[in-house]
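**Student:** my questions concern the predicted model and sequence given below.
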Amino acid sequence: MSYVIACGDEGVQINEGSRLGILGAGFSLPHLEKIIKTLKKLLGSELMVAANEENAWIREKLDLATWEQTNASAQQHLQVLADQHGLKYAGFLPFSDPQELAHGIKGHMVRPPKMHLANKIQFTLAGGEQTFNLGQFVISAEWVSAVDKKVAQEFIDAQVEFYQKLTGAKKLIFVFEEEGKLGKDLAAKNRKVLADLGYQTN
């Protein structure tokens with residue numbers, strides 16, 4: 001299985017590979033180096049990074065005026081991020097039919113452009129996204145029981161707060177994906193840590 005760090009935006013669909021949802025594919029998030037090291041150790045395989053069209057986090061962080069600027073900047077910055085963290089850069093996920101990227105990865109964007117449809121956040125606990133659902137943002141939490149709780153809190157909070165801001169007034173529901181190659185025991189540990197951090201079924 002190839003694991004792809006890609007934005008947790010609900011429109012990102014990885015058709016070949018398993019998505020590890022991290023806001024902005026990790027760009028400018030606190031503690032990213034520690035999280036990536038932990039994921040590499042847990043999953044025992046090389047990790048990929050993919051950029052995507054309409055990355056709202058990167059647009060905000062770089063204070064960009066247009067989506068065209070954002071799309072170009074996302075690709076440049078995520079190639080650099082991949083090099084910095086010893087990851088493989090798979091390429092760019094556009095609004096189109098599924099695209100063959102590098103390193104055996106395939107995917108595309110499937111939500112309507114300039115529109116967010118998600119009403120929930122799914123935390124993956126044991127091996128990335130198992131089933132795509134246009135109604136949910138995705139946050140990788142395979143690693144939370146293997147790091148200091150303060151690190152986990154800050155990394156998860158930044159993502160949840162941004163997705164909540166994207167969707168406006170409606171309160172996002174939390175759901176949990178417990179399937180994956182890392183197994184039920186680790187999934188249960190990760191879910192308990194998330195509950196301690198304030199994230200449980202609501």
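**Tutor:** Received, thanks. Numbering: from 1, shown residues only.

**Student:** and the residue nearest to Leu78 when sequence neighbours are not counted, what are its bridge partners?
**Tutor:** Among residues not flanking Leu78 along the chain, Ala51 sits closest, at 4.5 Å (Cβ to Cβ, 6 or more residues apart in numbering). Where you see a C-beta, it was placed from the backbone N, CA and C, and this is true even at glycine. Counting by DSSP bridges, Ala51 is bridged to Phe92.

**Student:** list the contacts of Ala51.
**Tutor:** Contacts were defined as Cβ atoms under 8 Å, 6 or more residues apart in numbering; by that measure Ala51 touches Ala6, Ala25, Asn71, Ala74, Gln75, Leu78, Gly91, Phe92, Leu93.

**Student:** now pLDDT and neighbour count too, for these, in a markdown table please.
**Tutor:** A markdown table is the format used below for the contacts of Ala51 (pLDDT from 0 to 100; neighbours: other Cβ atoms under 10 Å):
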| residue | pLDDT | neighbour count |
| --- | --- | --- |
| Ala6 | 98 | 32 |
| Ala25 | 98 | 32 |
| Asn71 | 98 | 19 |
| Ala74 | 98 | 28 |
| Gln75 | 98 | 19 |
| Leu78 | 98 | 28 |
| Gly91 | 98 | 20 |
| Phe92 | 98 | 20 |
| Leu93 | 98 | 30 |
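
**Student:** which one of these is nearest Gly44?
**Tutor:** Distance to Gly44, by Cβ to Cβ, is smallest for Ala6 among those, at 19.6 Å.

**Student:** and the closest one, what are its phi and psi?
**Tutor:** The phi/psi pair for Ala6 (degrees, to the nearest 10) reads phi -140, psi 160.
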